[in-house]
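Peer 1: Provided below are the primary sequence and the corresponding predicted coordinates.
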Amino acid sequence: MEFAVVIIFLALVFDFYNGMNDAANSIATIVSTRVLPPAMAVAWAAFFNFAAAFVFGVSVATTIGKGIVDVNMVDNFVIFSGIVGAITLTATATHYGLPISVSHSIIGGYGGAALIKGGIDAIIISGYTKILIFIFVAPFLGLIMAFLFSVITLWIVKNKSPRRVDKYFRKLQLISAALFSLSHGSNDAQKTIGIITIVLFTNQMIGSTFYVPFWVVILSHTVIAMGTFIGGWKVIRTLGMRITKLNPFGGFSAESSAGLTVMMATLLGIPVSTTHTITGAIIGVGTTKRFSAVRWGVAKNILWAWVLTIPLSALFAMLTFHVSTTLYNYFK
């Protein structure tokens, strides 16, 4: 029982770091375009992160809870090790200003711990296949949608004066930022919801049927909103200012496209990376100006962080599982 409480606490620590690293996803564009000052932007994003608890279901949480690892292979050490692996990678990336997929860090950590305990039979291949496909599909969809969104919108406002267009899109960007923050809260908080629920289920604290208690939903959305409110400012600078120069029109296009992409994935029960999606959308907006408007060196560093997220978090989780089980067997 005590160990289960510790694991739930660590899951909430992960949730907080999720909000901190992914605050950049929600507010980088609106801060870099100066539509809102930083303090107001994080408050705006945090509010809609929390509001998502009352808008979407828990299909993503169910996928995390019982769709990627065989629940019969799961014990407290597997969950504990997976969370520690995810926190280690996420905290490091946030410190160095790298916008990683926090979603994939918990997926990699959880899967790595299950793999070292039960071998390949512990992994639900179909669940991971769907997630791995969307590693590539989500940013590509965000890029294509943002590019098309930008081209169509530019055609609509082609006869308007630049000052008038800027004035309109400053107001519209408040809506697009809210849309993206809502989608971010809906998809990302559900990763923690799924982990906490599997802890409760494994420790027989919610009965013999897997379901998501509503208090877990509220708690997880509250903590991710707190992490967003604190904000990972180095990551925000990387996404909002270093990839490409954004104006309110570009920010609106990127946020709207990425938000719709993430919402679609959430309704399908697919845990996607909001980081991948918004980064792809920002690059898509940048390419509408000219190909060289995107700082491809920065994009390359981010891409490497994406590629390494799942294997590194899995490695950290495996090491944690080995050390924790060895110490437990030694002292019991």
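Peer 2: Sure thing, it's come through. Numbers count the residues shown, from 1 in each chain.

Peer 1: Do you have the strands of the stretch 101-250 of the chain handy? List them.
Peer 2: Chain-ordered strands for the stretch 101-250 of the chain, with DSSP state E, counting those that start in this stretch as the definition, do not occur.

Peer 1: How far off centre is the helix or strand where residue 61 lies?
Peer 2: Under the assignment given by DSSP states H and E, the secondary-structure element containing residue 61 is helix 59-66. Averaging C-alpha positions (C-alpha atoms, centre = their mean, to the nearest Å) puts helix 59-66 15 Å from its chain's average.

Peer 1: swap in stretch 208-220?
Peer 2: Centroid separation for stretch 208-220 versus its chain: 20 Å, with C-alpha atoms, centre = their mean.

Peer 1: who does the helix holding residue 61 touch, helix- and strand-wise?
Peer 2: In terms of contacts (3 or more C-beta pairs under 8 Å, 6 or more residues apart in numbering; DSSP states H and E), helix 59-66 is packed against helix 102-118, helix 162-202, helix 248-267. C-betas here are computed from N, CA, C, even on glycine.

Peer 1: what about the residue nearest to residue 202 when sequence neighbours are not counted, how many residues close to it?
Peer 2: For residue 202, the nearest residue in space outside its immediate sequence neighbours is residue 74; the separation is 5.5 Å by C-beta to C-beta, 6 or more residues apart in numbering. A total of 23 residues lie near residue 74 under the criterion other C-beta atoms under 10 Å.

Peer 1: now residue 259
Peer 2: Neighbours of residue 259 (other C-beta under 10 Å): 29.

Peer 1: ok, now residue 140?
Peer 2: Here the neighbour count serves as a burial measure; for residue 140 (other C-beta under 10 Å) it reads 16.

Peer 1: Give me the distance between it and residue 272.
Peer 2: Summarising the geometry, the distance separating residue 140 from residue 272, computed by C-beta to C-beta, to the nearest Å, is 12 Å.

Peer 1: Over to residue 4?
Peer 2: Distance, residue 4 to residue 272, using C-beta to C-beta: 29 Å.

Peer 1: Spell out, range by range, the helices that occur in the stretch 1-150 of the chain.
Peer 2: Read by DSSP state H, counting those that start in this stretch, the stretch 1-150 of the chain holds these helices, from start to end of the chain: 2-32, 38-51, 59-66, 76-95, 102-118, 125-156.

Peer 1: Which one, of these, ends up nearest to residue 210?
Peer 2: When the helices of the stretch 1-150 of the chain are compared for distance to residue 210 using C-beta to C-beta, the nearest one is helix 59-66, at 5.6 Å.

Peer 1: Send over that closest one as PDB, restricted to the C-alpha atoms.
Peer 2: As requested, C-alpha coordinates have been extracted for helix 59-66 and formatted as PDB (Å, rounded to 0.1, in the frame of the first residue of the first chain):
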ATOM      1  CA  SER A  59      -9.700   6.600 -24.200                       C
ATOM      2  CA  VAL A  60      -6.000   7.600 -24.200                       C
ATOM      3  CA  ALA A  61      -5.700   6.700 -20.500                       C
ATOM      4  CA  THR A  62      -7.300   3.300 -21.200                       C
ATOM      5  CA  THR A  63      -4.700   2.800 -24.000                       C
ATOM      6  CA  ILE A  64      -1.900   3.600 -21.700                       C
ATOM      7  CA  GLY A  65      -3.400   1.500 -18.800                       C
ATOM      8  CA  LYS A  66      -4.000  -1.700 -20.700                       C
END
